[in-house]
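Q: My questions concern the predicted model and sequence given below.
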Amino acid sequence: MLNNEVKIKGRSYRYNLSYTKSGKPVSTFGLQIYNGKDSEGKSKYAFVNCKCFNDLKLQDKQDVSIDGHIAVEEWKDKLGKNQSRTLIIVDKLDIGGSIEQRQESVFEDDESPL
């Protein structure tokens with residue numbers, strides 16, 4: 001069993017669907033996570049890249065709950081330089097919050113930076 005589990009809620013953005021050479025769907029998107037307010041009362045956010053090996057049919061600014069795990073992707077860029085990034089691999093995604101307990105959005109429409 002992996003000791004690498006993530007449960008997180010946020011708002012989707014920059015959804016993209018692509019396909020592997022064998023035709024399997026790969027969904028990528030960003031997740032905007034509300035981190036409270038700073039000392040001046042301004043909302044703070046964190047942003048994380050996510051990947052799922054399904055067609056999620058997400059739209060921007062949808063509230064989602066994710067169960068997944070952290071992974072690191074590594075590749076060589078066009079100049080041959082090694083690159084890497086940390087992301088969440090999505091194992092389960094619920095649109096609009098948890099199925100067991102639906103909640104209102106953690107974002108107010110006027111405070112979302114997207």
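A: Yes, it's here. Bear in mind the structure is a predicted one, so any value in this text is a computation, not a measurement.

Q: What sits closest to the residue nearest in space to the middle of the chain if chain neighbours are left out?
A: In the chain, the centroid-proximal residue (Cα atoms, centre = their mean) is L31; its distance is 3.4 Å. In space, L31 comes closest to G10 once its chain neighbours are excluded; the distance is 4.2 Å by Cβ to Cβ, 6 or more residues apart in numbering. Where you see a C-beta, it was placed from the backbone N, CA and C, and this is true even at glycine.

Q: packing partners for the helix or strand that the one you found is a member of?
A: Element membership for G10 (DSSP states H and E) is strand 6-19. Counting contacts by 3 or more Cβ pairs under 8 Å, 6 or more residues apart in numbering; DSSP states H and E, strand 6-19 is packed against strand 25-37, strand 63-76.

Q: Could you say which of those strands is packed most deeply?
A: Sort these by mean neighbour count, taking mean count of other Cβ atoms under 10 Å, and strand 25-37 sits at the top with a mean of 16.
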